[in-house]
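In: Next input, structure requested:
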Amino acid sequence: MKTTPMIFAAGLVAGLTALAAPASAASCWDLWYERNEIFDRNGYCFSTSLGKRTFNNADCWTRNPDLSRWEQNRVADIKAEERRRGCKVNN
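Out: A predicted model of the protein is given here:
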């Protein structure tokens with residue numbers, strides 16, 4: 001049973017690493033780009049000029065993309081980090 005604490009510790013470290021990932025972004029621009037790249041991959045049609053210039057709506061098909069649970073969680077984490085930092089990239 002000595003391996004149980006090691007397994008728990010490894011899981012804890014992995015979980016903390018996943019939570020810290022948005023904070024490792026170099027800038028608010030990086031956070032904005034990563035968040036919107038997830039939407040772009042899922043066919044989102046951008047309405048702002050920055051979104052259109054950055055991601056080119058030529059291949060978009062929806063304003064309501066169907067994100068996976070992982071993508072939803074990642075977007076939520078990034079948005080929380082953007083709020084924490086006071087980011088204003090496309091406002």
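In: Tell me which other helices or strands the helix or strand encompassing Q72 touches.
Out: Using DSSP states H and E, Q72 sits within helix 69-85. For helix 69-85, the packing partners by 3 or more CB pairs under 8 Å, 6 or more residues apart in numbering; DSSP states H and E come out as helix 28-41. All C-beta spots, glycine's among them, are computed from the backbone N, C-alpha and C.
In: what angle separates the helix holding Q72 from helix 28-41?
Out: 160 degrees (axes from the mean of the first three to the mean of the last three CA atoms, to 10 degrees).
In: What residues of helix 69-85 count as buried?
Out: The neighbour-count check on helix 69-85 (16 or more other CB atoms under 10 Å) flags 71, 74-75, 77-78, 81-82 as buried.
In: Dump that helix to PDB, keeping only the CA atoms.
Out: The C-alpha coordinates for helix 69-85 follow below in PDB (Å, rounded to 0.1, in the frame of the first residue of the first chain):
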ATOM      1  CA  ARG A  69     -16.400  18.900 -22.600                       C
ATOM      2  CA  TRP A  70     -12.600  19.400 -22.600                       C
ATOM      3  CA  GLU A  71     -12.900  22.400 -24.900                       C
ATOM      4  CA  GLN A  72     -15.700  23.900 -22.800                       C
ATOM      5  CA  ASN A  73     -13.500  23.500 -19.700                       C
ATOM      6  CA  ARG A  74     -10.500  25.000 -21.400                       C
ATOM      7  CA  VAL A  75     -12.400  28.000 -22.600                       C
ATOM      8  CA  ALA A  76     -13.800  28.500 -19.100                       C
ATOM      9  CA  ASP A  77     -10.300  28.300 -17.600                       C
ATOM     10  CA  ILE A  78      -8.900  30.800 -20.100                       C
ATOM     11  CA  LYS A  79     -11.800  33.200 -19.600                       C
ATOM     12  CA  ALA A  80     -11.200  33.100 -15.800                       C
ATOM     13  CA  GLU A  81      -7.500  33.800 -16.400                       C
ATOM     14  CA  GLU A  82      -8.400  36.700 -18.700                       C
ATOM     15  CA  ARG A  83     -10.700  38.100 -16.000                       C
ATOM     16  CA  ARG A  84      -8.000  37.600 -13.300                       C
ATOM     17  CA  ARG A  85      -5.500  39.600 -15.500                       C
END
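In: Cheers, nothing more for now.
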